[in-house]
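Trainee: A structural model of the following input is requested.
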Amino acid sequence: MRKEEILKQARALYKSGSKHRDARSFEGEVELSEYLVNTFHIGDYFFFIYYFPRQEMEFCSRGIETLLNVKPDAFSLEYVIENMHPEDLENFMRFENTLLTFLPTIPAAELINYKSCYDYRLKDAQGNYKRILHQVRTLQNEEDGALIRTFGVFTDVTHLKTDTHMQLDLIGMNGSPSFYDVQPDGTYREGASPLTKREQEILRALAEGLSSKDIAEKYALSKNTVNNHRVKILEKTETQSTMEAVKVALRAHWM
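Mentor: Next up, the predicted model:
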């Protein structure tokens, strides 16, 4: 399928997700720090706000200059589709269609507690493909489920994920259940992270390069407590090193 046709389909899909309405007003401050803390963004990343009714980016952070070597105002739906690896385009459209079909099964008031996760290859300004972890969370929706704004984070996971397996996961936060490997027919695999919230925080901190002492200070814990958590993380992920544990948790979207 030609990229022009995929772009046309994506635009129509997102407009239908907004139920064909326009809602420019947005009351209340967005706590971006709270949204960022619930996404995996170890390494280079950038975040953005997407406006569904008009299929346009309202904001893009300057992190894109490091990750893709382009200016924030160059980022758009057109950019994503034009620079996505041709072999990943079909999965991209399948995942987005699946999401827009599956999300209405979740009560509108709970949509804010979910983020969609999958990955694909995206080309930077130098023509190099990077594997991007695509995480998107509802920022604003209406009572009937119409999507108005979403908050997205693109993270470079090229060094952490070398296989080409792709799947769509819908991760529940704040106690909401998660749906793994969601299929177009609405079926999915249930599952939960074996890591506790504290273990996820510590694994994320380890991936950032923090030492046990640094982590202990950050979370007001003893160094022994942090080390005990590290042992449990390796046991639960059945790995021998922090980097292996990060890779396992990344693929399973446990972080």
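Trainee: Report the secondary structure element holding residue 194.
Mentor: Secondary-structure assignment from DSSP states H and E places residue 194 in no helical or strand segment.
Trainee: How about the contacts made by it?
Mentor: By C-beta atoms under 8 Å, 6 or more residues apart in numbering, the residues touching residue 194 are 236-237, 254. No exception for glycine: its C-beta is placed from N, CA and C like everyone else's.
Trainee: Make TSV from these and add pLDDT and neighbour count to it.
Mentor: As requested, those are exported to TSV (pLDDT from 0 to 100; neighbours: other C-beta atoms under 10 Å):
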residue	pLDDT	neighbour count
236	91	18
237	89	22
254	79	22
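Trainee: Tell me the one of the residues you listed nearest residue 147?
Mentor: The closest of the contacts of residue 194 to residue 147 turns out to be residue 254 (C-beta to C-beta; 25.9 Å).
Trainee: Let me see the ranges of the strands in the stretch 51-200 of the chain.
Mentor: Along the stretch 51-200 of the chain, counting by DSSP state E, counting those that start in this stretch, strands occupy 56-60, 114-123, 129-141, 147-156, 169-172.
Trainee: List the neighbours of the first one that are in contact with it.
Mentor: Identification of contacts with strand 56-60 by C-beta under 8 Å, 6+ apart yields 46-51, 72-73, 75-77, 149.
Trainee: farthest-separated two in these?
Mentor: Once C-beta to C-beta is applied, the contacts of strand 56-60 give 73 and 149 as the farthest pair, at 18.3 Å.
Trainee: Neighbour count: these two, which is higher?
Mentor: residue 149 (19 against 9; other C-beta atoms under 10 Å).
Trainee: Contact partners for that one?
Mentor: Counting by C-beta under 8 Å, 6+ apart, residue 149 touches 26, 49-52, 58, 138-140.
Trainee: Perfect, I'm done here.
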